[in-house]
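Novice: Sequence first, then the predicted structure, then my questions.
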Amino acid sequence: MGAKWASTFRRLMHPSLDITTTSPSSWKYLSEGGATLVFAYTGPSDERFDQRVLRLGKNFTAVEDEKSIILFQTEIISCLVPQKHLVHMEAVMLSFSWLETVSTLCASSRPAWRTGDIDLKCTSGFLAPNLVSSPISVEIKPKWSFLRPGMRTCRFCMHSSCRGWTTSYCPLDLFSSSPSRMKNALYALYDSWTAGAATQNNFRLFIGGGLVTRNDLLPILRRLGLLHSSIAEENEVRELVVGSLHASLLQPESLTLLKTLNRLQRTLDGVGIEGLASLWDKVYLGKKTFGEGILQPTLNEWKSFVNEYLEHQNSSVSSQAQPDEVHLRYCILSYLLSATFKDCSIMIKLPDLHHNYSPSQITLIDLDSKPIQRLQKWLEQDRNIVYEYTVISRQKECVDDLDMSTDRLYN
Ligand SMILES: O=P(O)(O)O[C@@H]1[C@@H](OP(=O)(O)O)[C@H](OP(=O)(O)O)[C@H](O)[C@H](OP(=O)(O)O)[C@H]1OP(=O)(O)O
Ligand SMILES: Nc1ncnc2c1ncn2[C@@H]1O[C@H](COP(=O)(O)OP(=O)(O)OP(=O)(O)O)[C@@H](O)[C@H]1O
């Protein structure tokens, strides 16, 4: 056991911060996803909590415990993504009654369509830096950034069409490194956000530390003095937000991060879910259904996997092609990790709306490991998406500029 790992582990097993010493009302509901709820600290100044968020797991979801989540990020994800684009997380102690009060207090702030509640039985949660405490921050959940071999339409565009979403956002534009295509992607994200599709979660705007809707946007920008008095039209605000975001994503650091995310998603996807299912059949010869009896990887297994993956990446040696259990396990872990990167979000702190030159900050969040039991769900989901999409008469052609030649692993 390395010294760094041992000290991380000790801190995780014995979180020193007891959050129940703060008032539950000091934690303001900020946002949520399918598996967690996130609260911002708004209580009396306290250096342990100022500018921090608390992330709490939901019940009825297969979320790993906080210690495993943190170790997965500090020991595994940090080998693949530069630390400057990751949040530092810290475990904190919780109690049933404290969580119960937080749950009651936040009920009216949550979107009606979101299911699940705080898991009251959790004894620890985690703190992370508040990435939306600056005047303006944007969250983009970019989703799958590459075209699967043999496909003409990307997974996101097929999926949104099947869900009846009206959006022209295509992740391949966002990841293209082409300024004009990236700008189109940002306009598309912004426009579907202003169209008010509540369940579309690819774009969120935070102003003054809170989530805003299209209706709040102008008044809040004015109230916080973030808008020149000459700006009166919503369309002008659209130009300012997209322009500022565009400038921020065109900075070398942002472009490199987008390339890294694209390459991780693409290379870890490996043989794809169909390829994985057929590899499974070759190994088990019909004796086990896809994913049956499979165990969540341990931290050590993840470490070995990442080492092997990085070796293959740097030497361009492809993984062993024999259909044996070891190779199958490698491909499964690879796919599982790709699922994490396909579902993460990018948080961008914008300096302001009127100056596009100041440095912004770009961070990846939601890099938890996915439950291995989802393999069968992913197979069925992808088959359904492709099946439903193939009956559509006017299929979209997404453009994937695969150019990995200039994109080296950062480490
Ligand atoms: O399957 P997808 O692509 O729809 O992704 C799910 C997301 O749906 P989305 O397409 O972003 O609306 C879904 O997001 P929402 O709950 O819709 O915001 C979750 O992120 C889900 O992962 P988890 O349950 O939090 O581990 C995601 O599930 P996984 O595919 O990561 O298992
Ligand atoms: N460090 C942070 N600072 C500010 N806001 C955050 C932070 N971490 C998460 N959030 C907000 O909370 C939301 C939920 O967090 P997160 O994406 O980690 O949860 P999740 O349940 O795993 O999401 P999903 O269902 O999309 O996988 C994010 O979409 C974001 O809006």
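Specialist: Everything's here; your move. Residues are numbered from 1 along each chain as shown. Ligands and ions are numbered 1, 2, ... in the order given.

Novice: State the pLDDT value of Ser316.
Specialist: Among the per-residue scores, Ser316 shows a pLDDT of 50.

Novice: residues contacting the residue in the stretch 51-200 of the chain that ligand 1 sits nearest to?
Specialist: Of all residues in the stretch 51-200 of the chain, the one sitting closest to ligand 1 is Lys141 (5.9 Å; Cβ to the nearest ligand atom). Where you see a C-beta, it was placed from the backbone N, CA and C, and this is true even at glycine. Contacts here follow Cβ atoms under 8 Å, 6 or more residues apart in numbering; on that basis Lys141 touches Asn201, Asn202, Phe203, Asp343, Cys344, Ser345, Ile346.

Novice: so which of those residues is the most crowded?
Specialist: When neighbours are counted as other Cβ atoms under 10 Å, the busiest of the contacts of Lys141 turns out to be Asn202, with 23 neighbours.

Novice: any idea how far Thr123 is from that one?
Specialist: From Asn202 across to Thr123, the span is 34 Å (Cβ to Cβ, to the nearest Å).

Novice: Kindly report the same for Asp281.
Specialist: Using Cβ to Cβ, which is the criterion applied here, Asp281 is 42 Å from Thr123.

Novice: where along the stretch 201-350 of the chain do the strands fall?
Specialist: Counting by DSSP state E, counting those that start in this stretch, the stretch 201-350 of the chain forms strands over residues 203-207, 210-212, 345-350, given from the N-terminal end onward.

Novice: which residues does the residue nearest the centre of the chain contact?
Specialist: With distances taken as Cα atoms, centre = their mean, the chain has Cys344 as the residue nearest its mean C-alpha position (1.3 Å). By Cβ under 8 Å, 6+ apart, the contact set of Cys344 is Lys141, Leu261, Leu364, Ile365, Asp366, Leu367.

Novice: For Tyr169, list the residues it contacts.
Specialist: Tyr169 touches Phe156, Ser160, Ala185, Ala188, Leu189, Ser192, Asn202, counting by Cβ under 8 Å, 6+ apart.

Novice: rerun that using 7 Å as the cut-off
Specialist: The contact partners of Tyr169, by Cβ atoms under 7 Å, 6 or more residues apart in numbering, come to Ala185, Ala188, Leu189, Ser192, Asn202.

Novice: where does it land in three-state SS?
Specialist: Secondary structure for Tyr169, judged by DSSP: H, G, I helix; E, B strand; the rest coil, is coil.

Novice: contacting residues around the nearest residue to it once chain neighbours are set aside?
Specialist: Closest residue in space to Tyr169, ignoring its immediate chain neighbours: Ala188 at 3.8 Å, by Cβ to Cβ, 6 or more residues apart in numbering. If a contact means Cβ under 7 Å, 6+ apart, then Ala188 has Thr167, Ser168, Tyr169 as its contacts.

Novice: quick one: what helix or strand has Ala188 in it?
Specialist: Under the assignment given by DSSP states H and E, the secondary-structure element containing Ala188 is helix 179-194.

Novice: Where does the protein get nearest to ligand 1, residue-wise?
Specialist: Nearest residue of the chain to ligand 1 (Cβ to the nearest ligand atom) works out as Gly34 at 2.9 Å.

Novice: burial of Tyr387, as a residue count?
Specialist: Counted with other Cβ under 10 Å, residues neighbouring Tyr387 total 10.

Novice: how close does it get to ligand 2?
Specialist: 25 Å (Cβ to the nearest ligand atom, to the nearest Å).

Novice: Of all the residues in the helix or strand where that residue lies, which ones are buried?
Specialist: Under the criterion DSSP H and E, the helix or strand holding Tyr387 is helix 375-390. Judged by neighbour count (16 or more other Cβ atoms under 10 Å), helix 375-390 contains these buried residues: Leu375, Trp378, Leu379, Asp382, Ile385, Val386, Tyr389.

Novice: what mean pLDDT would you report for it?
Specialist: In this model, helix 375-390 has an average pLDDT of 96.

Novice: for stretch 114-134, same thing?
Specialist: Across stretch 114-134, the average pLDDT comes to 91.

Novice: Repeat that for stretch 70-87.
Specialist: Stretch 70-87 comes out with an average pLDDT of 96.

Novice: So which bits of this protein are right by ligand 1?
Specialist: Gly33, Gly34, Ala35, Lys141, Asn201, Ala339, Asp343, Lys370, Arg374, Gln381 (Cβ under 6 Å from any ligand atom).

Novice: out of the residues you listed, who's nearest ligand 2?
Specialist: In terms of Cβ to the nearest ligand atom, no member of those lies closer to ligand 2 than Gly33, at 1.8 Å.

Novice: Now find how far off-centre stretch 324-339 is within its chain.
Specialist: Averaged C-alpha coordinates place stretch 324-339 at 21 Å from its chain's average position (Cα atoms, centre = their mean, to the nearest Å).

Novice: For it, list every residue counted as buried.
Specialist: Within stretch 324-339, the residues that qualify as buried by neighbour count (16+ other Cβ under 10 Å) are 327-339.

Novice: can I get the CA coordinates of that stretch in PDB?
Specialist: Written as PDB, here are the backbone C-alpha positions of stretch 324-339 (Å, rounded to 0.1, in the frame of the first residue of the first chain):
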ATOM      1  CA  ASP A 324     -10.800 -15.700 -22.800                       C
ATOM      2  CA  GLU A 325     -12.100 -14.500 -19.400                       C
ATOM      3  CA  VAL A 326      -9.200 -12.300 -18.700                       C
ATOM      4  CA  HIS A 327      -9.500 -10.400 -22.000                       C
ATOM      5  CA  LEU A 328     -13.300 -10.200 -21.500                       C
ATOM      6  CA  ARG A 329     -12.900  -8.700 -18.100                       C
ATOM      7  CA  TYR A 330     -10.400  -6.100 -19.500                       C
ATOM      8  CA  CYS A 331     -13.000  -5.200 -22.200                       C
ATOM      9  CA  ILE A 332     -15.800  -5.000 -19.600                       C
ATOM     10  CA  LEU A 333     -13.800  -2.700 -17.300                       C
ATOM     11  CA  SER A 334     -12.900  -0.600 -20.300                       C
ATOM     12  CA  TYR A 335     -16.500  -0.200 -21.300                       C
ATOM     13  CA  LEU A 336     -17.600   0.500 -17.700                       C
ATOM     14  CA  LEU A 337     -15.000   3.300 -17.500                       C
ATOM     15  CA  SER A 338     -16.100   4.700 -20.800                       C
ATOM     16  CA  ALA A 339     -19.600   4.900 -19.500                       C
END
